[in-house]
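Participant: Sequence and predicted model, in that order:
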Amino acid sequence: MKTKTYPIHQLGLGLRNLAIGALWLSLSLTVRATALSWNEGDTGGTWSTAGNWSPAAVPGSTDTATLTDVSSGTTRTVVYDTGASGSLLGLTMTELSGGTNILDLQKNLAITNAVSLGGGSTNGTDEVILEPGISLTVGSTANGGLTIGAGGLLEANVSSAANTDTYGSTSGLLTLSGGEIEMTNPASGGATGAFQFTIGTAFTISSGTIDVNATAGSARLQANGNFTATGGSLEGPLSQFNLVGATNSISNFNTGATVFSLNNTTTSQSLTTNQSVGGLQLLAGGGAGAVITKTLTMTGSGTTIGNITFGDSTSTGTLKLLLGSNVTLATGAALPTAPASGQPTSAGTVNFTIDTAGHVLDLTANTGVWTPNAAKNGTFTSTTTWTLNSSGGTPGSIRATGFNLATASTVTTVGPNMTLESTGGNSTANNLGTSGTIDPTSTFLYSGNAAAATAATLVSGRTIGNLAVQNGALNVNQASLTAGGGVAVSTGGNLILNGGTTAATLTLGSGQNFTVNSGALTFALGSATGLANGSTEIFGNNGTGSGGTFTLTGLTLDITQGTGFSTSNTYQLLANFSSSTAVSNIATNIAGFDANIDSTGLLSFSPAAVPEPSTWGLMFIGLGLLALRSRRQVGWSKFC
């Protein structure tokens with residue numbers, strides 16, 4: 001056989017033509033794969049039927065599908081059925097003709113490129129339906145995600161059984177900008193179980209509506225990424241909005257009474273809002289020694305928050321509420337509490353912290369006494385430690401009607417710079433308990449309006465910090481109370497030391513001061529319940545270190561006179577103070593007598609000061625002149 005040979009330039013020409021042909025074929029195939037359009041006009045059908053598309057092929061992972069416009073007043077439904085591939089390069093739905101263009105997902109779908117529903121048009125509706133249990137993933141951080149504009153609708157359905165619908169993108173952003181997200185029970189469902197629609201990515205709302213058409217208390221919404229709302233509204237009975245992202249912000253977003261949950265159990269989170277919030281649930285579940293911090297910042301004027309609930313699925317870490325601003329409880333809301341059932345999952349010590357960080361947590365809208373409680377699981381009660389402090393060296397406070405820190409299975413620690421302010425009225429009872437420590441720089445402040453006859457009360461089985469009575473009457477309702485800090489009674493305040501069955505002894509820490517500035521002291525002298533003649537001190541330094549001073553300005557004494565009381569006796573009211581100034585002519589409720597306290601704190605009585613004769617004479621002359629002037633005015637009036 002004879003072999004035919006070709007010149008080299010002809011061989012190169014053939015190879016070049018072959019390469020060009022292959023490239024043309026590749027490009028033609030690519031163009032075909034990325035340009036598929038619905039070919040059935042206003043008629044719906046199944047996605048996986050090739051004849052429904054032009055060119056006739058089923059759109060897959062390398063294809064871009066376009067669901068063309070629907071005629072005005074017409075609804076067309078394309079079903080993404082189980083025969084579809086489950087992936088797509090791109091999707092275009094822009095209804096401009098006044099119809100309703102529906103893509104009904106009955107199989108999970110992942111779309112590579114960003115997708116817009118509605119496109120800002122109000123002339124029609126572009127709707128994507130997630131059937132029960134279906135997941136839709138759109139885009140990525142690099143190329144965007146799903147945007148629901150005006151005329152766009154994302155509908156999450158739930159069947160009669162409990163289901164979870166998922167917008168499952170782990171990287172693309174879900175943006176609601178003028179459109180609608182609807183969580184609904186299908187007409188044929190009759191759902192009775194709870195269901196949750198999960199947004200697997202960051203979620204942003206600038207305008208539009210989240211519409212919940214479900215049985216009250218059955219629907220939950222969860223955003224696994226950061227959540228930002230700058231507008232829009234949430235309508236319907238959403239039981240809970242779970243926020244899992246690290247940073248969350250709400251402003252001008254109408255949420256009604258919706259309860260938000262910062263429920264990333266292993267990562268610290270923040271929520272900033274310029275509006276009132278229906279309630280806040282805090283969840284944690286970190287390992288041993290982990291501190292999971294939930295920062296709450298409320299910037300709007302007059303904003304309030306509903307129920308605040310602490311929950312920890314473990315018993316080894318700490319869940320901390322950190323205030324980024326002043327926070328005020330809403331009227332009718334429950335006081336902060338640990339769960340009454342279900343948590344933690346194992347026995348042990350649960351640790352909760354409220355750190356005001358120089359701000360005020362105002363709980364006074366609830367007229368009850370705040371009682372930090374123990375976390376409970378159905379089969380056991382966990383020892384629960386509550387730590388109340390103000391970090392950063394800046395004083396902060398918790399205001400409540402009253403405080404009861406003596407509940408079973410709880411240990412409450414009051415840290416530095418923290419003020420517990422009781423604002424309750426008549427007969428408000430405060431109990432600072434026996435377990436845990438109270439820092440000497442902390443303060444118990446009473447600022448209520450209780451009358452002396454029905455005074456608010458304070459008892460504590462441990463040393464407290466500073467004691468301040470700013471307004472109203474507070475009775476130390478036990479035989480002795482030790483304050484590691486100082487004691488101050490200011491204008492309008494009345495510190496009562498009746499002690500129940502015996503005179504109360506109040507002991508200050510080393511170097512601490514006792515100050516009264518236009519306030520009152522109430523106590524008994526004589527009898528078994530009062531201070532005996534020359535015996536027991538009521539106020540005093542603890543006898544160690546250097547004593548502080550007492551300063552008594554504008555002091556008023558309200559004294560109950562018991563058996564054996566005499567104004568000729570002396571009583572050691574204050575002891576173990578140094579560098580103090582004697583005070584004379586102190587007003588008392590004892591007719592005809594003033595009180596005197598010398599520099600050692602010894603109380604004595606003297607007849608009330610009587611004006612000098614010259615003073616009486618000047619007073620009578622003044623009265624005479626006033627009478628003469630009055631007569632002249634009457635006489636002159638006759639000529640007028």
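Facilitator: Everything's here; your move. Numbers count the residues shown, from 1 in each chain.
Participant: Gln240 versus Val138, what's the distance?
Facilitator: 25 Å (C-beta to C-beta, to the nearest Å). For every residue, glycine as well, the C-beta is placed using N, CA and C.
Participant: now do His359
Facilitator: 26 Å.
Participant: re the thing from before, compare Val138 and Gln240 (neighbour count), which wins?
Facilitator: Between Val138 and Gln240, counted using other C-beta atoms under 10 Å, Val138 has the larger neighbour count: 28 against 19.
Participant: nearest residue to the more buried one other than its sequence neighbours?
Facilitator: Counting by C-beta to C-beta, 6 or more residues apart in numbering, Val138 lies nearest to Leu146, which is 4.1 Å off, once chain neighbours are set aside.
Participant: Residues in a beta bridge with the one you found, which ones?
Facilitator: With beta bridges defined as DSSP bridges, Leu146 has these partners: Val115, Leu174.
Participant: Checking Asn252 next. Helix, strand or coil?
Facilitator: Judged by DSSP: H, G, I helix; E, B strand; the rest coil, the three-state class of Asn252 is coil.
Participant: ok, it touching Thr299?
Facilitator: No - contact criterion C-beta atoms under 8 Å: Asn252 and Thr299 do not qualify, at 11.9 Å.
Participant: Can you check which residues contact both of these two?
Facilitator: Taking C-beta atoms under 8 Å, 6 or more residues apart in numbering as the criterion, Asn252 and Thr299 both touch Asn274.
Participant: more neighbours, those two?
Facilitator: The neighbour count for Asn252 versus Thr299, taken as other C-beta under 10 Å, is higher for Asn252 (16 against 13).
Participant: got a list of what the more buried one touches?
Facilitator: Shown in contact with Asn252 (C-beta under 8 Å, 6+ apart): Ala229, Thr230, Gly231, Asn274, Gln275.
Participant: which of the residues you listed are buried?
Facilitator: Buried members of these, counted by 16 or more other C-beta atoms under 10 Å: Ala229, Asn274, Gln275.
Participant: wait, the second one sits on Ser251?
Facilitator: Pointing back at Asn274 there. Yes - contact criterion C-beta under 8 Å: Asn274 and Ser251 qualify, at 4.5 Å.
Participant: got any residues that touch both of these two?
Facilitator: Shared contacts of Asn274 and Ser251, defined by C-beta under 8 Å, 6+ apart, are absent.
Participant: Stretch 589-604 - what's its average pLDDT?
Facilitator: Averaged over stretch 589-604, pLDDT sits at 94.
Participant: Now do the buried residues in that stretch.
Facilitator: Residues Ile590, Phe593, Asp594, Ala595, Ile597, Asp598, Gly601, Leu602, Leu603, Ser604 are the ones in stretch 589-604 that count as buried (16+ other C-beta under 10 Å).
Participant: go on, stretch 492-509?
Facilitator: For stretch 492-509, by 16+ other C-beta under 10 Å, it's 493-499, 502-509.
Participant: ok, now stretch 87-96?
Facilitator: For stretch 87-96, a neighbour-count test (16+ other C-beta under 10 Å) marks Ser87, Leu88, Leu89, Gly90, Leu91, Met93, Thr94, Glu95 as buried.
Participant: Kindly report the same for stretch 348-355.
Facilitator: Under 16+ other C-beta under 10 Å, the buried positions of stretch 348-355 are Val350, Asn351, Phe352, Thr353, Ile354, Asp355.
Participant: How many residues are close by Pro607?
Facilitator: Per other C-beta under 10 Å, the neighbour tally for Pro607 reads 9.
Participant: so it makes contact with Phe593?
Facilitator: Yes - counting by C-beta under 8 Å, Phe593 is a contact partner of Pro607 at 6.2 Å.
Participant: about what we covered before: between the buried residues of stretch 87-96, which is nearest Asp126?
Facilitator: Met93 (4.1 Å; C-beta to C-beta).
Participant: Nearest spatial neighbour of the closest one, chain-adjacent residues omitted?
Facilitator: In space, and not counting its chain neighbours, Met93 is closest to Asp126: 4.1 Å by C-beta to C-beta, 6+ apart.
Participant: on that earlier part again, and the buried residues of stretch 348-355 as JSON lines, adding secondary structure, distance to Ser390 and pLDDT?
Facilitator: Shown next, in JSON lines, are these (DSSP: H, G, I helix; E, B strand; the rest coil; distance: C-beta to C-beta, whole Å; pLDDT from 0 to 100):
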{"residue": "Val350", "secondary structure": "strand", "distance to Ser390": "22", "pLDDT": "88"}
{"residue": "Asn351", "secondary structure": "strand", "distance to Ser390": "18", "pLDDT": "92"}
{"residue": "Phe352", "secondary structure": "strand", "distance to Ser390": "16", "pLDDT": "94"}
{"residue": "Thr353", "secondary structure": "strand", "distance to Ser390": "11", "pLDDT": "96"}
{"residue": "Ile354", "secondary structure": "strand", "distance to Ser390": "9", "pLDDT": "98"}
{"residue": "Asp355", "secondary structure": "strand", "distance to Ser390": "7", "pLDDT": "98"}
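Participant: ok, which pair from those is furthest apart?
Facilitator: Using C-beta to C-beta, the pair of the buried residues of stretch 348-355 lying farthest apart is Val350 and Asp355, separated by 16.8 Å.
Participant: who touches Ala114 in this structure?
Facilitator: Here Ala114 is in contact with Val138, Gly139, Asn143, Gly144, Gly145, Leu146, Thr147, Gly172 (C-beta under 8 Å, 6+ apart).
Participant: Sketch out the low-pLDDT regions of the stretch 301-450 of the chain for me.
Facilitator: 315, 341-342, 345-346 (pLDDT under 70).
Participant: As a check, name the ranges of all helices in it.
Facilitator: In order along the chain, the stretch 301-450 of the chain carries no helices (DSSP state H, counting those that start in this stretch).
Participant: again with the chain
Facilitator: Here the chain has its helices, by DSSP state H, at 8-33, 613-637.
Participant: Among those, which one carries the weakest average confidence?
Facilitator: For those, mean pLDDT drops lowest on helix 8-33, to a mean of 43.
Participant: buried ones in stretch 36-51?
Facilitator: Under the neighbour-count criterion of 16+ other C-beta under 10 Å, stretch 36-51 has Leu36, Trp38, Asp42, Gly44, Gly45, Thr46, Trp47, Ser48 buried.
Participant: Rounded mean pLDDT for it, please.
Facilitator: Here stretch 36-51 scores 97 as its mean pLDDT.
Participant: From the opening residue of that stretch to its closing one, how far?
Facilitator: The straight-line separation of the ends of stretch 36-51 (C-alpha to C-alpha, to the nearest Å) is 11 Å.
Participant: ok, and what's touching that stretch?
Facilitator: Residues from elsewhere that reach stretch 36-51 (C-beta under 8 Å, 6+ apart): 52-59, 63-68, 70-71, 74, 76-84, 99, 102.
Participant: Which among those count as buried?
Facilitator: Applying 16+ other C-beta under 10 Å to the contacts of stretch 36-51, the neighbour count classes 52-53, 58-59, 63-68, 70, 74, 76, 78-80, 84, 99, 102 as buried.
Participant: any idea how far Thr198 is from the nearest residue to Asn213 once chain neighbours are set aside?
Facilitator: Closest residue to Asn213 apart from its sequence neighbours, by C-beta to C-beta, 6+ apart: Thr184 at 4.1 Å. In this view, Thr184 and Thr198 are 16 Å apart by C-beta to C-beta.
Participant: and if you look at Leu153?
Facilitator: Separation of Leu153 from Thr198 (C-beta to C-beta): 18 Å.
Participant: How about Gln106?
Facilitator: Using C-beta to C-beta, Gln106 is found at 18 Å from Thr198.
Participant: do the same with Leu432
Facilitator: Distance, Leu432 to Thr198, using C-beta to C-beta: 44 Å.
Participant: Of these two, which one has the most company?
Facilitator: Leu432 (23 against 19).
Participant: Return the residues in contact with that one.
Facilitator: Each residue near Leu432 by C-beta under 8 Å, 6+ apart is listed here: 403, 405-406, 414, 420, 438, 444, 458-462, 464.
Participant: returning to that earlier point: residues in contact with the residue nearest to Asn213?
Facilitator: Taking C-beta under 8 Å, 6+ apart, one finds Glu155, Ala156, Asn157, Val158, Asp211, Val212, Asn213, Ala214 in contact with Thr184.
Participant: Please consider this matter closed, and thank you.
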